[in-house]
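[1] Dropping the sequence and predicted coords here.
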Amino acid sequence: MAKGDEEAYRAFYDAYFQRLWRYLLVVTGGDEEASREALQATLVRVVRHIKPFPNEGAFWSWLTVLARSALSDQTRKCRRYLAFLDRFRLHAPIQEAAPDEGDADARLFALLDQGLAALPEDECELVRQKYIEGRSVREIAGERQTSEKAIESRLVRIRRKLKETVLHELREE
């Protein structure tokens, strides 16, 4: 596998895919989606970092470390995402909150809501799909028949545009 042998990867896949899948299902407490994502990340890490091992036991131990590490990274990423949503409260309409003029957070959320309303429809829809519905970049890219990189780039530009809009409004005050 380290030399890029396709047959070696197929042999590895046939021998360890189901075993790793079951291991991750146990570790995640039966969460199939988390197990699936962690398994994909684990397989990528195996391909990138494969090395010789003295025996099958040592190899399996290495695989489980990679799998737990991939799961930890995934969990951390999910927590960051939820913290982002909590900070910007995109799931709740700002106007209904009737922000107090003295409340800086409420003012910031109101400005963010205004910035979102000013976005073109396709950009607003992309933000809604990613941050409100919680869809993955992969899902959105598949639906829009484009690459994940293209979606990520658009999201970066949209976030930058929102930031500039909010900062401009704050400077005007």
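    That came in fine, so what should we check first?
[2] Of all the residues in the helix or strand in which Glu152 is found, which ones are buried?
    Of the helices and strands defined by DSSP states H and E, Glu152 is found in helix 148-172. By 16 or more other Cβ atoms under 10 Å, the buried positions in helix 148-172 come out as 151, 154-155, 158, 162, 165-166, 169. Heads up, the C-betas are built off the backbone N, CA and C, glycines and all.
[3] One more: stretch 11-18?
    Buried positions in stretch 11-18, judged by neighbour count with 16+ other Cβ under 10 Å: 12, 16.
[4] contacting residues around it?
    Contacts of stretch 11-18 with the rest of the structure, by Cβ atoms under 8 Å, 6 or more residues apart in numbering, involve 1, 39, 43, 46, 63.
[5] So the first one is in contact with Tyr9, correct?
    Right, the one you point to is Met1. Yes: assessed by Cβ atoms under 8 Å, Met1 is found in contact with Tyr9 at 5.4 Å.
[6] joint contacts of the two?
    Listed contacts common to Met1 and Tyr9 are Val47; contacts here mean Cβ under 8 Å, 6+ apart.
[7] care to break the protein down by domain?
    Per automatic domain parsing, the domain ranges recorded for the chain read 6-82, 89-172.
[8] hmm, back to that, which of the contacts of stretch 11-18 sits closest to Pro54?
    Leu63 (14.6 Å; Cβ to Cβ).
[9] Thanks a lot, see you next time.
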